[in-house]
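Peer 1: coordinates only, sequence not included:
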């Protein structure tokens, strides 16, 4: 191999590594494109038959819970709003604190932003509900993060807002499901629910 060919080969591989590393820092949608913070996305369970589409579920009364509905073909789209926004970057980064907001209204007359609820006395799990945090967990309950699983394009959602409060000690957890009275609700402290992001 000539010196020029070898140099081109090395440069091409370095460029590929840089591009791959750069893309690996972002959440990727089902089309292989970076998820953007100003676009609507459906969050889909990555394992089929795992409960349906993400939507608002009534558990007791207001506020609504975040859950899965097997009868909802689409569910509700969400908007992702990073805690730290970069005016020059629209892509949602992995492992960064962000807000997850359903693009829907409710009869409760409150925000459809996801938040961490109190620990349930019966199940011992912390349910994901909607509304602005009322200081249940120190005003940090609305911040989640998306982390990569070993499979490309498949992610877990966690609650661990250490970017919002680096000095705080949180009991972090990964979002999974609880089956209760025929309903499928999102909650922490159990098996993780792998998800994918599909652009609306």
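Peer 2: Structure's in. What do you need? Since the model is a prediction, treat every value here as computed from it, not as a measurement.
Peer 1: from here on, contacts and neighbour counts on C-alpha atoms
Peer 2: Will do.
Peer 1: can you tell me the centre-most residue of the chain?
Peer 2: By C-alpha atoms, centre = their mean, the mean C-alpha position of the chain lies nearest to residue 157, the distance being 4.2 Å.
Peer 1: who does whichever helix or strand that one is part of touch, helix- and strand-wise?
Peer 2: Take DSSP states H and E as the rule and residue 157 turns out to sit in strand 155-159. Applying 3 or more C-alpha pairs under 8 Å, 6 or more residues apart in numbering; DSSP states H and E, one finds that strand 155-159 contacts strand 145-148, strand 173-174, strand 195-199.
Peer 1: hmm, who's touching that strand?
Peer 2: 116, 141, 143-149, 172-175, 188, 192-196 (C-alpha atoms under 8 Å, 6 or more residues apart in numbering).
Peer 1: what do you get if the cut-off is 10 Å, keeping everything else the same?
Peer 2: 27-28, 45-46, 94-95, 97-98, 115-116, 128, 140-149, 170-176, 188, 192-197 (C-alpha atoms under 10 Å, 6 or more residues apart in numbering).
Peer 1: so how do I select the buried members of the residues you listed in PyMOL?
Peer 2: Here is the PyMOL command that selects the buried residues among the contacts of strand 155-159 (16 or more other C-alpha atoms under 10 Å):
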select buried, resi 27+28+45+46+94+95+97+98+115+116+128+140+141+142+143+144+145+146+147+148+173+174+175+176+188+192+193+194+195+196+197
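Peer 1: what's near enough to touch residue 141?
Peer 2: Counted by C-alpha under 10 Å, 6+ apart, residue 141 has contacts 99, 114-118, 128-129, 131-135, 159-161.
Peer 1: mind listing the helices in this protein by residue range?
Peer 2: 3-24 (DSSP state H).
Peer 1: what bits of it have low per-residue confidence?
Peer 2: Scanning the chain for pLDDT under 70 picks out 1-24, 49-51, 86-87, 136-138.
Peer 1: now do the strands in it.
Peer 2: Here the chain has its strands, by DSSP state E, at 40-45, 53-57, 65-69, 78-82, 98-102, 114-119, 126-130, 145-148, 155-159, 173-174, 176-180, 183-187, 195-199.
Peer 1: dump those into JSON lines; add distance to residue 33 as well.
Peer 2: Output for the strands of the chain, formatted as JSON lines (distance: least, C-alpha to C-alpha, whole Å):
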{"stretch": "strand 40-45", "distance to residue 33": "12"}
{"stretch": "strand 53-57", "distance to residue 33": "21"}
{"stretch": "strand 65-69", "distance to residue 33": "25"}
{"stretch": "strand 78-82", "distance to residue 33": "15"}
{"stretch": "strand 98-102", "distance to residue 33": "19"}
{"stretch": "strand 114-119", "distance to residue 33": "24"}
{"stretch": "strand 126-130", "distance to residue 33": "27"}
{"stretch": "strand 145-148", "distance to residue 33": "15"}
{"stretch": "strand 155-159", "distance to residue 33": "14"}
{"stretch": "strand 173-174", "distance to residue 33": "24"}
{"stretch": "strand 176-180", "distance to residue 33": "25"}
{"stretch": "strand 183-187", "distance to residue 33": "26"}
{"stretch": "strand 195-199", "distance to residue 33": "9"}
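Peer 1: thank you, goodbye.
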